[in-house]
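In: pasting the sequence and the predicted coordinates here, then a few questions.
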Amino acid sequence: MGDALLQKTYTVDCLTKKRAANDGTVPQYYVNNDHEAIIPRELFARVQEEMKRRANIRQGMDGKRRVYSSKYALSSSVFCGHCGDMYRRTHWNNHGKKQIVWRCVTRLNAPGVECPARTLSEIQLQNLVLEAINKVPGGKQGAIKVLETNISEVLGNAHIEELEHIKQQIEKQQTLLVKMTAASEDYSKVVDKIYALQREQEEAMAANVNYKAGKEGIQEMIEYLKSQPKRVTAYNEQLVRKLIEKMTVYDDHLDFLFKSGIQIEIKG
Ligand SMILES: [Zn+2]
């Protein structure tokens, strides 16, 4: 998504005559923005947001940035109680017995730097997660309540008003720009202002896309929980993503921090 792309798409379609009449870049730019491509812009904003999220993944003790994986809910939320690094999913071949385990990444990356953190089998870890979810005060009802709170918080952030406000400001500046161009005045400050407003607009749009996706996801999760028996008995990636912020593995217990702020300790 860029001005050049927008020019290709819209200038040719809508304003061939006007473009021929104007030889400066500014009128073209104005024209492009007037026919904004909402869908590509939103997609672009979504990608930007995802990149920002990945860039935020913490650095390990060895200074290396941990590669982000979105495949498993636990990929970026399990931490080592000994060294603070992340736990990573790996295949383990123990005397011919193959299994999937989660280990402190320090052990995986740097043989010799022995973090004494224990290894958990995936089944063991998932069972502990389920136990924690079921232990949240109010159980299933509590989880539903947390999700409903998430929805209303997200709803309060729809960015609709903000987007409308930015749009109006851009239109105002564009009108000014056209007048200044016609009067051969220096319009560079107005162009800067429009660019700044466009950046604001992109950010608000990214937030709005997240809002929509988030709201749908949470609603699905509430439906899922309502259809489940009293206790959540099956491990569910989406549920874990929605409910759990972080967990820390210690020698004899795990600490869970839920997105609701609730902290729970599970022995085992
Ligand atoms: Zn460790």
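Out: That came through, no problem. Numbering: from 1, shown residues only.
In: the ion contacts on this structure?
Out: Residues of the chain lying close to the ion (Cβ under 5 Å from the ion) are 80, 82-83, 85, 104, 106, 115, 117. Quick note: C-beta positions are derived from backbone N, CA and C, even for glycine.
In: can you pick the most crowded of the residues you listed?
Out: residue 104 (26 neighbours; other Cβ atoms under 10 Å).
In: measure that residue to residue 90 for me?
Out: According to Cβ to Cβ, to the nearest Å, residue 104 and residue 90 sit 11 Å apart.
In: what about the strands in this structure?
Out: For the chain, applying DSSP state E gives strands covering 78-80, 87-94, 97-104, 120-121, 244-249, 253-258, 263-267.
In: now the residues of the chain next to the ion as TSV including distance to residue 218 and pLDDT?
Out: Shown next, in TSV, are those (distance: Cβ to Cβ, whole Å; pLDDT from 0 to 100):
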residue	distance to residue 218	pLDDT
80	30	94
82	34	92
83	34	89
85	30	89
104	32	90
106	35	83
115	36	85
117	33	92
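In: closest to residue 222 out of these?
Out: When the residues of the chain next to the ion are ranked by distance to residue 222 (Cβ to Cβ), residue 80 comes first, at 32.7 Å.
In: the closest one against residue 88, yeah?
Out: No - in this structure, residue 80 is not within contact of residue 88 by Cβ atoms under 8 Å, at 10.2 Å.
In: so what sits against both of these two?
Out: Listed as contacting both residue 80 and residue 88 by Cβ atoms under 8 Å, 6 or more residues apart in numbering are 104-105.
In: out of the strands of the chain, deepest packed?
Out: Ranked by mean neighbour count, those are led by strand 78-80 with a mean of 23 (mean count of other Cβ atoms under 10 Å).
In: got any ranges where the stretch 101-250 of the chain has weak pLDDT?
Out: Filtered on pLDDT under 70, the stretch 101-250 of the chain yields the residue ranges 107-113, 137-140, 142, 150-158, 209-211, 213-214, 217, 228-229.
In: switch the cut-off to 50
Out: Within the stretch 101-250 of the chain, no range satisfies pLDDT under 50.
In: what segments of it are helices?
Out: In the stretch 101-250 of the chain, helices defined by DSSP state H, counting those that start in this stretch lie at 105-109, 122-135, 139-155, 160-182, 188-227, 237-243, listed in chain order.
In: list the buried residues for the fourth one?
Out: Same thing as helix 160-182. Neighbour-count burial for helix 160-182, with 16 or more other Cβ atoms under 10 Å as criterion, is recorded at 162-163, 166, 169-170, 173-174, 177, 180-181.
In: which member of the residues you listed is positioned nearest the ion?
Out: Taking Cβ to the ion as the measure, the ion lies nearest residue 162 of those, at 42.3 Å.
In: is the closest one in contact with residue 204, as I believe?
Out: Yes - with contacts defined as Cβ under 8 Å, residue 162 counts as touching residue 204 at a distance of 5.0 Å.
In: so residue 204 makes contact with residue 159?
Out: Yes - taking contacts as Cβ under 8 Å, residue 204 lies within contact range of residue 159: 4.7 Å.
In: ok, now which ones touch residue 225?
Out: 140, 143-144, 147, 232, 239.
In: let's go with 10 Å and repeat that
Out: 133, 139-141, 143-144, 147, 232, 236, 239, 242-243 (Cβ atoms under 10 Å, 6 or more residues apart in numbering).
In: next: residue 249.
Out: 78-82, 87, 102-104, 117-120, 125, 128, 255.
In: switch to 6 Å and redo it
Out: residue 81 (Cβ atoms under 6 Å, 6 or more residues apart in numbering).
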